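Asks: Let's see this in three dimensions:
(one chain, ligands or ions: 1)
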Amino acid sequence: MKFHQTPLADLMLVETTLIQDERGQFARAFCETEFAALRPDLHWTQINISRTYRQGSVRGMHFQYPPAAEAKLIRCLRGKIFDVAVDLRAGSPTFLQWHGVELSEDSPMQFLIPEGFAHGFQALTDDVQLLYMHTTAWSREHEGGLRHDDPSLAIAWPLPVTQVSEKDRHAPLLDETFVGVHL
Ligand SMILES: Cc1cn([C@H]2C[C@H](O)[C@@H](COP(=O)(O)OP(=O)(O)O[C@H]3O[C@H](C)C(=O)[C@H](O)[C@H]3O)O2)c(=O)[nH]c1=O
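Replies: As a prediction, this is how the structure comes out:
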């Protein structure tokens, strides 16, 4: 595995090795030993799978407050997505800055999103499937959300947005009272 730094500290692109033969492909999604130098503390508590039927749909932007703040490792298993992380760490020099990457079933890339970031994605094809590894179990009480179309973030989604959940549509817009996540 190779780890590529993004412009936002600790937000990493993880390049897995695609082993191909006449039957198809094999890739190791996670390995404690290979991640030890970067994050020796990583322990996955919950692994989720989501399926998004329609191109243009956006899920997010989601995060969890402490003590349920979570790191996530994301891999696109089917289709293609534009995956976005927003730095919400209180005091971060890149506070409220976002970084997006394209992940797809044909790409060896995964997105390692540390605690204190919001996460969301847009389906760039129909029938997208994602695998999420989380270091903390989902906690409705600690869940926070930002609007995918918040002008303060100005996330450049590649396609017109076709579908957003009721919950995500009603996430709060950022204002001066939002100080971020204290980790
Ligand atoms: C995460 C989770 C959700 N749920 C329930 C809550 C809702 O009734 C339903 C769907 O939840 P939600 O609308 O939050 O799911 P997504 O919008 O796909 O959120 C996911 O996609 C965005 C981009 C993320 O970053 C989140 O980590 C990830 O959960 O499953 C559970 O029962 N258990 C769980 O662990």
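Asks: For this structure, which segments count as helices?
Replies: In the chain, the helices defined using DSSP state H lie at 32-35, 166-169.
Asks: would you list the ones you listed in CSV and tack on mean neighbour count, mean pLDDT and distance to Gln25?
Replies: (Each C-beta comes from the backbone N, C-alpha and C, glycine too.) Shown next, in CSV, are the helices of the chain (neighbours: other Cβ atoms under 10 Å; pLDDT from 0 to 100; distance: least, Cβ to Cβ, whole Å):
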stretch, mean neighbour count, mean pLDDT, distance to Gln25
helix 32-35, 13, 96, 18
helix 166-169, 12, 98, 33
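Asks: tell me which parts of the protein are close to the ligand?
Replies: 46, 48, 50, 59-60, 62, 119-121, 132, 138, 165, 167 (Cβ under 6 Å from any ligand atom).
Asks: so which of the residues you listed comes closest to Val101?
Replies: Nearest to Val101 among the residues of the chain next to the ligand: Phe121, at 9.7 Å, using Cβ to Cβ.
Asks: Touching, that closest one and Ile81? I think so.
Replies: Yes: the criterion here is Cβ atoms under 8 Å, and Phe121 meets it with Ile81 at 4.4 Å.
Asks: give me the number of residues near the nearest residue to Leu11 once chain neighbours are set aside?
Replies: Closest residue in space to Leu11, ignoring its immediate chain neighbours: Ala85 at 5.4 Å, by Cβ to Cβ, 6 or more residues apart in numbering. Using other Cβ atoms under 10 Å, Ala85 has 28 neighbouring residues.
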